[in-house]
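S.K.: Got a predicted model here, sequence first, then my questions.
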Amino acid sequence: MADLPRIKRSIGDFRLHRECTDNRRCPVVGERQILELISLGAPLAGILNKLCMMIDVRIGDVVSVISLPDADENHSCTMTRSALQVGLEVFSSSVILSFDELFLGTLEIFGCDPRRPTPLEYVLIERVTHLASLALQREEAQHVCEPPPIKSRIKLAGSLEKPPFIN
């Protein structure tokens, strides 16, 4: 048997490919880890990056991007136009909505070949879109529930001036 070349991967990559023991609760490999990160309040950028990596690795030969709305209200097709200009094809584009149907962003997937997702790939995209929605809603809830800054709490408690210097 010929020796196959070894591919160097970071430690974080191995967790994405861990087999799930209960497919009813974890239909997508790595979903349990993402849910744990969301519940622990991990940084949003890291969670969204892992979700994109799940798609890129599982489908192969694609590049996925989660676009969030910005304050300037740029149109969500900006990324699609840029991808088309460099020769990529649109593989899939999904809207990320909150539970109450508010727009949170889009999941866009681009590939080199002009093809559409298979039924199993659609399931993966749907699950990743749902996980992205959970992560985005968790991030929004954290900002709403943050305690007021320390200075404002101190003012409410009373004035904390320095005592006069004692010789």
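M.R.: Done, it's in. Please read these numbers as outputs of a predicted model, since none were measured by experiment. Numbering: from 1, shown residues only.
S.K.: how about the strands in the chain?
M.R.: 62-67, 89-97, 103-111 (DSSP state E).
S.K.: Can you name every helix or strand that the first one contacts?
M.R.: The elements that strand 62-67 packs onto, with contact taken as 3 or more CB pairs under 8 Å, 6 or more residues apart in numbering; DSSP states H and E, are helix 44-59, helix 78-85, strand 103-111. No exception for glycine: its C-beta is placed from N, CA and C like everyone else's.
S.K.: of all the strands of the chain, which lies closest to S133?
M.R.: strand 89-97 (5.2 Å; CB to CB).
S.K.: Quickly list what the residue nearest to A132 when sequence neighbours are not counted is bridged to.
M.R.: Distances taken as CB to CB, 6 or more residues apart in numbering put I96 closest to A132, at 5.1 Å, once the chain neighbours are dropped. Counting by DSSP bridges, I96 forms beta bridges with G105.
S.K.: Who are the contact partners of I96?
M.R.: Contacts for I96 (CB atoms under 8 Å, 6 or more residues apart in numbering) come out as I66, F103, L104, G105, T106, L107, T129, A132, S133, L136.
S.K.: Can you tell me how far it is from Q85?
M.R.: 24 Å (CB to CB, to the nearest Å).
S.K.: Out of the helices and strands packed on strand 62-67, which one sits most buried?
M.R.: Neighbour counts (mean count of other CB atoms under 10 Å) averaged over each of those peak at strand 103-111, with a mean of 20.
S.K.: what's the angle between that strand and helix 78-85?
M.R.: Interaxial angle, strand 103-111 versus helix 78-85 (axes from the mean of the first three to the mean of the last three CA atoms, to 10 degrees): 10 degrees.
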